[in-house]
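K.L.:
Would you be able to build a 3D model of this:
(2 chains)
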Amino acid sequence: AQKITQTQPGMFVQEKEAVTLDCTYDTSDPSYGLFWYKQPSSGEMIFLIYQGSYDQQNATEGRYSLNFQKARKSANLVISASQLGDSAMYFCAMIPSARNNNDMRFGAGTRLTVKP
Amino acid sequence: DAGVIQSPRHEVTEMGQEVTLRCKLISGHNSLFWYRQTMMRGLELLIYFNNNVPIDDSGMPEDRFSAKMPNASFSTLKIQPSEPRDSAVYFCASSLKGGGPQHFGDGTRLSIL
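P.N.:
Numbers count the residues shown, from 1 in each chain, chains lettered A, B, ... in the order given. As a prediction, this is how the structure comes out:
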């Protein structure tokens, strides 16, 4: 089955500390893409970071990095130096197959709360 | 650069009424997606277009839902007649190429009374 799983409904982190949001996925296709989105309380969906299955290095975008462990089928998001504005829902998403490369699947999300 | 633009931001209407949601893609993007988000079901893909052509509408819940893309930069999602269970946030997203990141609009929060 092609699915994506986020097992943490909610996470807390102290301001300025790093936090890891977990994401595991399942696909049988060797060519796939992994994405993270942020949804603040205002409701918009903000694209954060992308990792291709053939990328040799972990993706990084500013304070966001993706800990891609292909053998374990995990794509955890690491946020360094958390800020109060990082409090939001975070969704992991996957395009499970290059043959249907617009079929994006989303996880259930993790609600991150950054404490001052 | 302007992002994906959706209108209206909020819509409240009575059941049985026709609802039309609108979306303007990012210039140059050629794939368009309509999603629905609810607490119970999360984010669900309803339909997507490549180069104005509907590719997969298997996520459209019923015949009451229809989507069109009359030109390369604009799409509508119509619900007729609307029902209370259609209440949700509807997102439009576009992407530059298949397999790449999808960029979302701010969503339309729809409430059917």
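K.L.:
ok, the helix-or-strand element of chain B with minimal mean pLDDT near chain A or not?
P.N.:
Of all helical and strand segments in chain B, the minimum by mean pLDDT, DSSP states H and E falls on strand B:53-56, at a mean of 90. Yes: using C-beta under 8 Å from any C-beta of the partner chain, a contact is recorded between strand B:53-56 and chain A, made by B:I55, B:D56. Using the backbone N, CA and C atoms, a C-beta is placed for each residue, glycine as well.
K.L.:
Would you indicate which residues of that strand are buried?
P.N.:
Of the residues in strand B:53-56, B:P54, B:I55, B:D56 count as buried by neighbour count, 16 or more other C-beta atoms under 10 Å in any protein chain shown.
K.L.:
Give me the distance between the last one and B:I5.
P.N.:
Same thing as B:D56. 23 Å (C-beta to C-beta, to the nearest Å).
K.L.:
Ok, the second one next?
P.N.:
Look at B:I55 and B:I5: by C-beta to C-beta, they are 22 Å apart.
K.L.:
of all the residues in chain A, which ones are close to chain B?
P.N.:
So far as C-beta under 8 Å from any C-beta goes, chain A lies against chain B at A:33, A:35, A:37, A:42-47, A:50, A:91, A:95, A:98, A:100-104, A:106, A:108-109.
K.L.:
Now, of these, which are buried?
P.N.:
Neighbour counting by 16+ other C-beta under 10 Å classes A:33, A:35, A:37, A:43-45, A:47, A:50, A:91, A:95, A:98, A:101-104, A:106, A:108-109 among these as buried.
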